[in-house]
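Undergrad: Structure of the sequence below:
(2 chains)
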Amino acid sequence: MSIPTPRHPVRVRIAPSPTGDPHVGTAYIALFNLAFARQHGGQFVLRIEDTDQKRSTAASEAAILRSLGWCGLQWDEGPDVGGPYGPYRQSERATIYAEHADLLIAKGRAYRCFCTAERLDAMRAAQKAAGDDWRYDGHCRHLDAADSAARAAAGEAHVVRLAMPQDGETIVPDALRGEVRYENGRIDDQILLKSDGLPTYHLANVVDDHLMQITHVIRAEEWLNSTPKHLELYDAFGWEAPVFVHMPLLRNADRSKISKRKNPTSLEFYQRAGILPEAFLNFLGMLGFSMPDEAEFFDFEAFSAALDFGRISLGGPVFDLDRLQHINGLWIRAMAPDALAARFADYFREDGRDVHVARLVAERVGSLGDWPHHAGPFYGASVPYGADSRHLLVGCGSKKKKAVRLSARASKAFFEDVIARLEGLADFDEVAVEAALRESTEAAGVGVGDGFMAVRVALTGRTAAPGLFETIVAMGRALSLVRLRTAANWLAQSAPGQAELEALEREVAAYRDALAHAAAAAEGGAA
RNA sequence: GGCCCCAUCGUCUAGUCAGGUCCAGGACACCGGCCUUUCACGCCGACGACGCGGGUUCAAAUCCCGCUGGGGUCACCA
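TA: Below is the predicted model:
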């Protein structure tokens, strides 16, 4: 099966929302879009969907562009490179959406809604109590047109809703699934324009896809259920709808939709972990898709040439780091030595990280040759935790003369707390990181020395390393969090039993005694 | 919970649309071995799946129905 390609030229897009770290799911969808565009000599558009003023940030947008660029998923049109259908940032297109919303109101396909949040909350509560779907009750749907316009003109707060048909059904022609049917009566009167005057995804997306001449919408399956609303919009505007292709969702190991709590989802992590972009795309290209000849080692060109949506598997694939690591090794080994050396050099120079690291490591190295040993923990995907680390993570056994620490209290919960606090930091600098860590140790009732040592071991696999806060900042948020998660999971998998805890306590006590005896003997000897 | 999607080894998948060549093939991981000063790479081997129940058929992993299971979605977020 091949998907319909009725209109030429083919134009596809990705439309990420700049509300967080660059996501692997964005790269996954971008890969299939770009490959499809290349296969048909079409265009690939990058559009920034930043209509959520509360959550969108310029930093996130910049990071998304940077990471997609790192992947090699280069767009033909976008906010940075421009193009004939700009602007490519939705926040700069507000008047376009407002005009289109007015058009729908004039056609009677949308209406202003003046309902308050309180009324909506009450309605939802009532519907929920009755066991019904949550759906807008149409309270403002039949307001007198002149009246509605007058209230809006007077400045009364309102939104604009889609006047969804009450009967019949909408058939979504999905290129991978065939016809998916929805009863119109169950579909909500979707808000199209928010009270801040900006559009919701649904309106902006449809308007832009039309205006930007998008022919194929290749997006994640999570959008399938809102496609009937989009189809209704196309119909209301009198526009021809694009071809819809809903790709399977990437999953965590437990099969839930991939999330940063359970997986490294930031592209920055993979870049920092030393994954080759070629290998990354190769890996993504095998999720939900297989090459006709079952090849498992291929580049973008081959993928693009072979891409066939008839070969998509609809079961959501688990994002398997082991397999990614394997593919990465294949790419590294296939690379010519000089090219590989250049990659290594680039990697260690990447976004100035080694400058940070050099500063931290300088005071510890005796010669240039010591660099790899001291700098090692700052690079790569993971640090190995062995039997020793277990001891270190659980017990924080920093066996220095004056500081016997074996609290046996650094738990998964402690690491989870650290993770949550670091995730929540607006500014990821040393001051903020230190404050967060101190809060965590306090909340956990763990000594600062014990707690910090546990974090140090989790991050570096060692007890001897540069200052903790500097280390975390130099390592970067993405990599730091992943290592903390790894440590937390590793601990949880083999949580110490009561017997083991007691053994640890005995070990500490014995060590303390030994130290005390040694001290006494030393004093006795001196006297 | 309603609606929607999905269902082959632990994981990614081939095979499913055009039923027989499939007592189901490959890859990752794991385990064992070989190679080797170590590790890694490489090589060899082992383990390992058509979710269940009906039906259609001479024949079902493949077609149909039901069940079960998993996922998504039900925001003035995308």
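Undergrad: going forward, measure contacts and count neighbours with C-alpha atoms only.
TA: Will do.
Undergrad: Hmm, A:Arg38 and A:Leu307 touching each other?
TA: No. A:Leu307 is beyond contact range of A:Arg38, at 10.2 Å (criterion: CA atoms under 8 Å).
Undergrad: quick one, which of the two is more surrounded?
TA: More crowded of A:Leu307 and A:Arg38, by other CA atoms under 10 Å: A:Leu307, with 21 against 17.
Undergrad: if I look at the more buried one, how far off is A:His8?
TA: 18 Å (CA to CA, to the nearest Å).
Undergrad: Quick check: residues of the stretch 151-300 of chain A near RNA strand B?
TA: Contact residues (CA under 7 Å from any atom of the strand) of the stretch 151-300 of chain A with RNA strand B: A:158-159, A:177, A:180-182, A:191, A:194-196, A:199-201, A:221-226, A:249, A:253-257, A:286-290, A:292, A:294, A:296.
Undergrad: List only buried entries from those.
TA: A:158-159, A:182, A:191, A:194, A:199-201, A:221, A:224, A:249, A:257, A:286-290 (16 or more other CA atoms under 10 Å).
Undergrad: How about stretch A:416-433, which residues are buried there?
TA: A:Glu416, A:Asp417, A:Val418, A:Ile419, A:Arg421, A:Leu422, A:Asp429, A:Glu430, A:Ala432, A:Val433.
Undergrad: tell me which element the last one is part of?
TA: A:Val433 is part of helix A:430-444, with elements assigned from DSSP states H and E.
Undergrad: list the helices and strands that helix packs on?
TA: Using 3 or more CA pairs under 8 Å, 6 or more residues apart in numbering; DSSP states H and E, the elements in contact with helix A:430-444 are helix A:412-424, helix A:448-460, helix A:468-475.
Undergrad: got TSV for these, with distance to A:Ser148 and mean pLDDT too?
TA: TSV is the format used below for the helices and strands packed on helix A:430-444 (distance: least, CA to CA, whole Å; pLDDT from 0 to 100):
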stretch	distance to A:Ser148	mean pLDDT
helix A:412-424	42	83
helix A:448-460	59	82
helix A:468-475	54	87
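Undergrad: Ok, which of those comes nearest RNA strand B?
TA: Among the helices and strands packed on helix A:430-444, the nearest to RNA strand B by CA to the nearest atom of the strand is helix A:412-424 (17.3 Å).
Undergrad: Could you dump the buried residues of stretch A:416-433 into JSON lines with distance to A:Phe344 added?
TA: Converted to JSON lines, the buried residues of stretch A:416-433 look like this (distance: CA to CA, whole Å):
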{"residue": "A:Glu416", "distance to A:Phe344": "33"}
{"residue": "A:Asp417", "distance to A:Phe344": "35"}
{"residue": "A:Val418", "distance to A:Phe344": "32"}
{"residue": "A:Ile419", "distance to A:Phe344": "30"}
{"residue": "A:Arg421", "distance to A:Phe344": "33"}
{"residue": "A:Leu422", "distance to A:Phe344": "29"}
{"residue": "A:Asp429", "distance to A:Phe344": "27"}
{"residue": "A:Glu430", "distance to A:Phe344": "28"}
{"residue": "A:Ala432", "distance to A:Phe344": "32"}
{"residue": "A:Val433", "distance to A:Phe344": "29"}
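Undergrad: and stretch A:233-251, C-alpha only, in CSV?
TA: The C-alpha trace of stretch A:233-251 is given here as CSV (Å, rounded to 0.1, in the frame of the first residue of the first chain):
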residue,chain,number,x,y,z
LEU,A,233,-12.9,22.9,10.0
TYR,A,234,-11.7,22.2,6.5
ASP,A,235,-15.3,21.7,5.5
ALA,A,236,-16.4,24.8,7.2
PHE,A,237,-13.8,26.9,5.4
GLY,A,238,-14.5,25.1,2.1
TRP,A,239,-11.0,23.8,1.9
GLU,A,240,-9.7,20.5,0.7
ALA,A,241,-8.2,18.5,3.5
PRO,A,242,-4.7,17.0,3.3
VAL,A,243,-3.9,13.3,3.5
PHE,A,244,-3.6,12.2,7.1
VAL,A,245,-1.0,9.8,8.3
HIS,A,246,-1.0,9.0,12.0
MET,A,247,2.2,7.4,13.2
PRO,A,248,2.4,5.1,16.1
LEU,A,249,3.4,6.5,19.4
LEU,A,250,6.8,5.9,20.9
ARG,A,251,6.6,4.0,24.2
